[in-house]
Structures are given as C-alpha cells and as structure tokens.
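Chemist: what follows is a protein structure lacking sequence information:
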C-alpha cells in the first residue's frame with residue numbers, strides 16, 4: 001500500500017486492488033489450514049517473525065495476496081499491559097505502524113503524541129489506492145521478534161478520540177470523496193506495518209507548509225476545527241525497525257515460490273537487520289539504491305519507467321501493456337486476462353540510481369481462470385494488471401515470492417552500502 005505523502009516521496013497514482021468479490025472467495029478459506037503447494041520458508045533466529053499469506057483476519061473481504069505479521073504493542077513502560085495484534089499488513093511501500101482502533105484494546109490506554117506546544121496530534125494519510133486513514137497519533141512500546149522500540153509514535157486509525165476528518169483529508173484532489181480505511185473490511189487487515197526505506201512517514205516534507213496541490217499530513221484540533229501544522233521528523237509516525245537497539249538498518253523478506261496454479265497460502269519470514277547476523281547476510285544480492293522519493297527505474301518493453309516501486313502490499317504486478325483486461329464486474333476485476341495465451345512470460349530490468357541493475361523474469365496468468373479454478377486459494381505468483389501510469393511499474397507481492405528481498409533504511413549502514421536501497 002503506497003502512501004501518498006505530501007513530501008511527494010510516493011505521489012498519488014491508482015494502484016489497483018482486486019475486486020471485492022475476490023475476497024469473498026478467499027474468505028471461504030479462512031485462516032490457517034494446509035498451505036498446499038505454497039510451502040514455507042524457514043529462517044531460524046530470535047530476530048525472525050513469521051509472515052503469513054492466508055486470506056486475512058475475520059472480517060476481511062479481499063485478503064488474497066496479502067502478507068501478514070503479528071506485532072506486540074504495550075503501554076509505554078509496561079511489560080504486562082500488552083496486546084499481540086495479528087494480521088497486520090506488511091508494507092514496504094509505506095512507513096510506520098498503523099493500527100485499527102476497533103482492534104487495539106482500549107485498556108492499553110496509549111498516550112497521545114503532543115506537538116511542541118503541548119497540543120495532541122492527529123494524522124491524515126492518503127493512500128495511492130484512493131483511500132485515507134485518519135486518527136490519533138499515539139505512543140506505544142512496539143515489539144517485532146526480538147526488536148523493541150520504546151515510546152514509538154504510531155497511528156490509531158478510526159480512534160473515537162479523533163474528531164471528524166477535515167474535508168481536505170477525505171477528498172481527493174479532484175474533490176471526489178475518498179473511502180475511509182478505518183475498518184477491517186476496508187483495510188483487509190488489523191493494521192499496517194510500514195517497513196519501507198524511510199525513517200519516518202513524511203520526513204522533511206512535513207517540516208514545511210505543503211506545496212501547491214498537497215495537503216497537511218498532521219493536525220491539531222479544537223472542538224470547532226482541525227488545523228494542519230508542520231511537524232519535526234522526531235514527532236512523526238516512525239519506522240519501528242529504525243528504533244530497535246540492534247538489527248536496525250533494515251529487514252529481509254523471504255517468501256516461498258508459488259506454483260503456476262497458485263496455493264492455498266504461504267508462510268515466510270521477516271528477518272530483522274541486514275548483514276548483522278548469520279541469517280540476514282546480503283550474499284550475492286544486487287543492491288539497487290532508490291532515489292529521494294523511494295523510486296527505482298524499470299526498463300520494460302522498450303520503455304524506461306522512472307517512478308517504479310517495490311511494494312509488498314500490492315496484490316499483483318501492475319504495469320501498462322496491451323493485454324486484455326478482465327471484466328471489471330468479474331471476480332478478477334483489475335487483473336489481466338490473456339485467455340488462451342496465458343501464462344505470458346515476460347522480463348524487465350530494475351535499475352538503481354547508481355546504474356546498478358538486475359533482470360527480473362515473471363509470468364502473467366489469466367486472472368479469471370486462476371480464480372475460478374481455485375476459489376479458496378490465497379497466494380498467486382502470476383497476478384498482473386494495468387496500472388494506469390505510463391511512468392511506473394508496481395512490483396507487488398508476486399515479485400517477493402521465491403526470493404529474498406532486502407529493504408535498507410535511509411542513512412543506515414550495511415556492509416558495502418548505505419540505505420536507502422532494495423536488494424535481491
């Protein structure tokens with residue numbers, strides 16, 4: 001899920017999701033059970049937590065091809081007032097932990113983050129799939145595997161303590177109302193764990209007034225109105241990994257390969273750190289530095305797509321091509337349907353800002369045929385669809401299947417390279 005931060009790190013663009021009907025099929029599978037041909041990766045270590053692709057939590061309607069992890073959240077300073085929240089969407093396209101208020105226990109009593117004037121903070125985050133998250137900014141102790149971040153600013157989406165979202169937050173630039181991503185059904189998850197390449201979710205962009213055509217991301221509110229304000233980076237919602245005492249320079253995402261027919265689900269590993277322990281070494285992975293906005297370049301079909309991104313929360317590989325598109329009203333709306341020509345074998349080259357590059361081979365299946373053949377499957381390695389952006393290629397979850405993907409945080413040193421970068 002790519003965030004539409006007003007610093008333009010990841011500008012707005014339509015990132016397609018599969019039709020809601022797709023999730024209705026996936027819900028038959030529920031959670032757990034035999035993974036079938038999806039298999040699992042097995043990485044040992046205290047710095048490892050499991051990734052599961054299983055259709056989502058109860059209430060999700062579109063959890064197919066969504067990677068989930070569990071996160072432990074505690075009241076700051078407490079070791080007993082804690083909650084393990086499962087089915088948190090693992091997202092390399094955003095930064096920060098965001099939890100649904102309807103899922104987080106009220107007994108956690110997480111204190112609200114204040115600005116420098118002592119006013120409580122609220123946040124509006126617009127996503128590139130044309131939805132928005134509005135809620136309070138809270139402080140929590142957050143644990144993932146053996147990593148702990150203390151007093152971490154997180155967002156509590158749909159918090160009853162937040163007033164109605166300001167109109168600029170709930171409207172697109174075209175003044176078309178955006179849907180609120182504040183329920184399990186809307187988010188298809190209990191929260192979002194943004195572990196992208198940045199330290200905080202807005203960065204230097206939020207320390208200045210918004211540029212023309214952009215909105216404030218942080219607000220203070222009275223009983224009458226909410227007013228946008230600039231905010232120091234230290235007070236913004238943070239990347240939890242950056243604040244761990246060790247293994248804090250990035251993560252490794254490992255998922256098994258998925259067969260051409262798909263699989264009921266998949267289990268993989270989120271490994272903390274890069275080149276910090278024996279289980280997270282770069283090895284022969286190619287390092288691809290990203291630009292200041294988080295983009296890589298993709299060369300595909302003779303085109304150079306400068307605004308490409310690697311986003312584990314996108315359900316497919318999204319790029320523009322001449323393949324037939326599935327009927328929007330069908331279960332495969334938003335996907336390519338090449339029909340008898342499927343699977344289509346293609347290749348592209350991902351380039352870093354330093355000219356480094358690596359070829360990626362992939363296949364595009366017929367979305368409708370795949371879903372009709374296996375209506376209870378949740379993991380597909382050959383989903384693809386149109387992006388509607390001639391400058392970009394969205395490397396979604398199918399890119400992650402069958403490989404180790406390294407995500408290095410900006411300014412953090414790893415052996416041989418400093419973030420921000422992706423490597424695989």
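Modeler: Received it, and whenever you're ready, just let me know what you need. This is a predicted model, so every value here is computed, not measured. Residues are numbered from 1 along each chain as shown.
Chemist: when you work out contacts or count neighbours from here on, use the C-alpha atoms and nothing else.
Modeler: Noted.
Chemist: which SS state does residue 107 fall under?
Modeler: helix (DSSP: H, G, I helix; E, B strand; the rest coil).
Chemist: tell me where the stretch 101-250 of the chain has strands.
Modeler: Shown for the stretch 101-250 of the chain, the strands assigned by DSSP state E, counting those that start in this stretch span residues 122-127, 131-144, 147-157, 191-195, 218-221, 226-228, 250-254.
Chemist: need the winner for burial among these.
Modeler: Among the strands of the stretch 101-250 of the chain, strand 191-195 has the highest mean neighbour count (mean count of other CA atoms under 10 Å), at a mean of 28.
Chemist: mind listing the residues bridging to residue 157?
Modeler: Bridge pairing for residue 157 (DSSP bridges) gives the partners residue 100, residue 135.
Chemist: quick one: the strands in the stretch 251-400 of the chain?
Modeler: 266-272, 287-289, 296-300, 303-310, 317-318, 344-351, 357-364, 384-385, 394-395.
Chemist: so which of the ones you listed comes closest to residue 260?
Modeler: Nearest to residue 260 among the strands of the stretch 251-400 of the chain is strand 357-364; the distance by CA to CA comes to 8.8 Å.
Chemist: next, the angle from that closest one to strand 344-351.
Modeler: Angle, strand 357-364 to strand 344-351, by axes from the mean of the first three to the mean of the last three CA atoms, to 10 degrees: 160 degrees.
Chemist: output the contacting helices and strands for strand 357-364.
Modeler: strand 344-351 (3 or more CA pairs under 8 Å, 6 or more residues apart in numbering; DSSP states H and E).
Chemist: give me the buried stretch members for the strand it packs on, please.
Modeler: 348, 350-351 (16 or more other CA atoms under 10 Å).
Chemist: dump these to a markdown table, plus pLDDT and distance to residue 334.
Modeler: A markdown table is the format used below for the buried residues of strand 344-351 (pLDDT from 0 to 100; distance: CA to CA, whole Å):
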| residue | pLDDT | distance to residue 334 |
| --- | --- | --- |
| 348 | 98 | 21 |
| 350 | 98 | 24 |
| 351 | 98 | 27 |
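Chemist: how about low-confidence regions in the stretch 101-250 of the chain?
Modeler: 129, 173-174 (pLDDT under 70).
Chemist: residues contacting residue 274?
Modeler: By CA atoms under 8 Å, 6 or more residues apart in numbering, the contact set of residue 274 is 247, 249-252, 280-282, 406, 408, 414.
Chemist: for those residues, work out which two are farthest apart.
Modeler: Top of the distance list for the contacts of residue 274 (CA to CA): 247 and 282, 13.6 Å.
Chemist: got a list of what the nearest residue to residue 300 once chain neighbours are set aside touches?
Modeler: Nearest residue to residue 300, sequence neighbours excluded (CA to CA, 6 or more residues apart in numbering): residue 348, at 4.8 Å. The contact partners of residue 348, taken as CA under 8 Å, 6+ apart, are 298-301, 359-361.
Chemist: one more: residue 221?
Modeler: Residue 221 touches 120-122, 163, 227, counting by CA under 8 Å, 6+ apart.
Chemist: residue 251 versus the residue positioned nearest the centre of the chain, what's the distance?
Modeler: The centre of the chain sits closest to residue 91, judged by CA atoms, centre = their mean, with a distance of 2.0 Å. Residue 91 sits at a distance of 12 Å from residue 251 (criterion: CA to CA, to the nearest Å).
Chemist: repeat that for residue 402.
Modeler: 16 Å.
Chemist: please apply the same query to residue 418.
Modeler: 13 Å.
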